[in-house]
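1. Any chance you could fold what I've pasted below:
(4 chains)
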4 protein chains.
Amino acid sequence: MGIPEGFRTHVGVHRLRVRYADTDQMGVAYHGAYIPWIEEGRTEWMREQGRSYRSMEEEGLALAVTSVEIQYHVSARYDDWIEIETRLEKLGKASISLAYRLFRVDPEGKRGPLLASARTRLALLGPRGRPVRVEKEFFSSGN
Amino acid sequence: MGIPEGFRTHVGVHRLRVRYADTDQMGVAYHGAYIPWIEEGRTEWMREQGRSYRSMEEEGLALAVTSVEIQYHVSARYDDWIEIETRLEKLGKASISLAYRLFRVDPEGKRGPLLASARTRLALLGPRGRPVRVEKEFFSSGN
Amino acid sequence: MGIPEGFRTHVGVHRLRVRYADTDQMGVAYHGAYIPWIEEGRTEWMREQGRSYRSMEEEGLALAVTSVEIQYHVSARYDDWIEIETRLEKLGKASISLAYRLFRVDPEGKRGPLLASARTRLALLGPRGRPVRVEKEFFSSGN
Amino acid sequence: MGIPEGFRTHVGVHRLRVRYADTDQMGVAYHGAYIPWIEEGRTEWMREQGRSYRSMEEEGLALAVTSVEIQYHVSARYDDWIEIETRLEKLGKASISLAYRLFRVDPEGKRGPLLASARTRLALLGPRGRPVRVEKEFFSSGN
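-> Residues are numbered from 1 along each chain as shown, chains lettered A, B, ... in the order given. I've put the predicted structure just below:
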């Protein structure tokens, strides 16, 4: 049981590409598009810890986002490759806070400017929407 | 029982406004944005028939979209008022086909150009995802 | 010139309805859906000050979102009416910070629970993406 | 000049994963989510022909979607891998019609059921939104 060490220290790195659907008429990615992007970063970070969010839901658990903060530094553009860094920021009794950094990367994978920084707080909920303890339940089953 | 006459003949008219989130870097509304718009048209058309989709789901029924067709004629632009006309096109045993026309309207509500035409086919499903008969179930409960 | 008094004190109130497209498989509105909602609140709040964002862009100005914060308190559900309160929180030289509160309202318009609180910081940009002064430029033209 | 042979016959294959943001409260992917998916398929199919849509826009050309048709066969689910097949269906003077098939694939990449079939018609537009000839302009510049 307990929480694997990697869960506390692992930095996830995930890449995606900006879709035309993500852009707006300012000619850059719409600021709301970053929310599904950091969701992808979080999902892959979890998977790298041996925990798929899909299997978590199948076991009756859910991670509900209770807050989001995003700072936008440089605009992401259509067709850009974006690299999302995800790491644990704080581990509460029934919540997890994650921090994200989004970079532009060139086609060879070299990092360009920091585009945005973000933070999400997630509450771990059990079957009837009750808060459950991260330490006990988050890794309680395999997947 | 049976199907109210209005259900067959009523033309729903619903208005909404193009959001910045709906635009893309071509400077017009993204073609995918029209799908939630016609969904709004359909929802309000149903409500005008005394049938809210929310209450339908609470009774264990669902309308699953099985096909969508959209023809784009004139671009919708940010902040435009859009008027969506919704009408029944065909009533199957376990399906409903709806047709939509989207117009730009000026601030006084006068119709401008036809922006797009669309069609959706919806299957009526019961509790375990089985097709159920529209004539029997669609209006079987009040709301 | 100068900034109209209402701009500093006016509380905008705007209503919208949760679309099916806004929901996710948790059975509630997806947390990212709130970003276009508060955008609608902001747009209408500006319009109530005599300033349409569309005309602002036509004059070569843009409001770029530089940060977003949202706290989620109670889930919004499909077909809910949502009331968005928008007010100025802080007026910088070349930026505006707005605060939002989102409430569920019943069909008669009576307010229910506070669903979410949010904050956005917006930078006012001129023709070549340069920061411009809010006091001088924001209300410099009519619309 | 002329049109490379591959452009007429190449079948593009692109994979993506269903995001939580793509789901709705029916517990499956929202039908509108398929539009950005087939856009990804189209973009990668073009890139495989040596033509990036980003560079095409930088040259003053645009592909405007003039119609979309989607038939939904089997629901896509959260976290599913989706494989999108893209091929040229018809080459008009100033338009291109593409056909798509979307399959679920298992983690090893083996194809499961056909989830959806789609078709888009795209008009090739020049600098002032005028139709331009595909044969002459589509491949006229490198990228």
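2. Helices of chain A, residue ranges please.
-> Assigned by DSSP state H, chain A shows helices spanning A:5-9, A:34-48, A:53-58, A:134-137.
3. Take the ones you listed and lay them out in JSON lines including mean neighbour count and distance to chain C.
-> Placement of C-beta: from N, CA and C, glycine included. Below are the helices of chain A laid out as JSON lines (neighbours: other Cβ atoms under 10 Å in any protein chain shown; distance: least, Cβ to the nearest Cβ, whole Å):
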{"stretch": "helix A:5-9", "mean neighbour count": "12", "distance to chain C": "23"}
{"stretch": "helix A:34-48", "mean neighbour count": "22", "distance to chain C": "4"}
{"stretch": "helix A:53-58", "mean neighbour count": "16", "distance to chain C": "8"}
{"stretch": "helix A:134-137", "mean neighbour count": "17", "distance to chain C": "17"}
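4. now for those helices, which one comes closest to chain B?
-> Chain B sits nearest to helix A:34-48 of all the helices of chain A, at 11.4 Å, using Cβ to the nearest Cβ.
5. CA atoms only for the closest one - export them in PDB, please.
-> Provided in PDB are the C-alpha atoms of helix A:34-48 (Å, rounded to 0.1, in the frame of the first residue of the first chain):
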ATOM      1  CA  TYR A  34      -5.400  24.900 -22.400                       C
ATOM      2  CA  ILE A  35      -7.800  23.100 -20.000                       C
ATOM      3  CA  PRO A  36      -8.100  19.900 -22.000                       C
ATOM      4  CA  TRP A  37      -4.400  20.100 -22.700                       C
ATOM      5  CA  ILE A  38      -3.500  20.000 -19.000                       C
ATOM      6  CA  GLU A  39      -6.100  17.300 -18.600                       C
ATOM      7  CA  GLU A  40      -4.100  15.300 -21.100                       C
ATOM      8  CA  GLY A  41      -0.900  16.000 -19.200                       C
ATOM      9  CA  ARG A  42      -2.500  14.900 -15.900                       C
ATOM     10  CA  THR A  43      -4.000  11.700 -17.400                       C
ATOM     11  CA  GLU A  44      -0.600  10.600 -18.800                       C
ATOM     12  CA  TRP A  45       1.200  11.600 -15.600                       C
ATOM     13  CA  MET A  46      -1.200   9.300 -13.700                       C
ATOM     14  CA  ARG A  47      -0.800   6.500 -16.300                       C
ATOM     15  CA  GLU A  48       3.000   6.700 -15.800                       C
END
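6. how far is it from where the chain is centred?
-> How far helix A:34-48 lies from its chain's middle: 3 Å, per Cα atoms, centre = their mean, to the nearest Å.
7. Run through the residues of chain A sitting next to chain B.
-> A:Y20, A:A21, A:T23, A:D24, A:Q25, A:M26, A:G27, A:V28, A:Y30, A:G32, A:Y78 (Cβ under 8 Å from any Cβ of the partner chain).
8. coming back round to it: dump the helices of chain A to a markdown table, plus mean pLDDT and distance to A:E69.
-> Output for these, formatted as a markdown table (pLDDT from 0 to 100; distance: least, Cβ to Cβ, whole Å):
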| stretch | mean pLDDT | distance to A:E69 |
| --- | --- | --- |
| helix A:5-9 | 87 | 21 |
| helix A:34-48 | 97 | 11 |
| helix A:53-58 | 96 | 21 |
| helix A:134-137 | 86 | 20 |
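9. now for those helices, which one comes closest to B:L115?
-> helix A:34-48 (27.1 Å; Cβ to Cβ).
10. can that closest one be found next to chain D?
-> Yes. Helix A:34-48 reaches chain D (Cβ under 8 Å from any Cβ) through A:I35, A:P36, A:E39, A:E40, A:T43.
11. what's that helix in contact with?
-> Here helix A:34-48 makes contact (Cβ atoms under 8 Å, 6 or more residues apart in numbering or on different chains) with A:6, A:10, A:12, A:14, A:16, A:52-53, A:56, A:68, A:70, A:72, A:76, A:82, A:84-87, A:98, A:100, A:102, A:116, A:118, A:120, C:31-32, C:35, D:17, D:19-21, D:79.
12. re earlier: and of the residues of helix A:34-48 next to chain D, the nearest to D:F138?
-> Nearest to D:F138, judged by Cβ to Cβ, of the residues of helix A:34-48 next to chain D is A:P36 at 31.2 Å.
13. Would you mind measuring from that closest one to A:E85?
-> 16 Å (Cβ to Cβ, to the nearest Å).
14. got it, and A:S55?
-> Following Cβ to Cβ, the distance that separates A:S55 from A:E85 is 24 Å.
15. buried set for stretch A:55-70?
-> Buried residues in stretch A:55-70, counted by 16 or more other Cβ atoms under 10 Å in any protein chain shown: A:55-57, A:61-70.
16. And for stretch A:70-90?
-> A:70, A:72, A:75-86, A:88.
17. Which one of these is nearest to chain D?
-> Distances from chain D to the buried residues of stretch A:70-90, taken by Cβ to the nearest Cβ, are shortest for A:D79, at 4.1 Å.
18. and that closest one, what does it touch?
-> Contacts here follow Cβ under 8 Å, 6+ apart; on that basis A:D79 touches A:R17, A:V18, D:T43, D:S52, D:Y53, D:R54.
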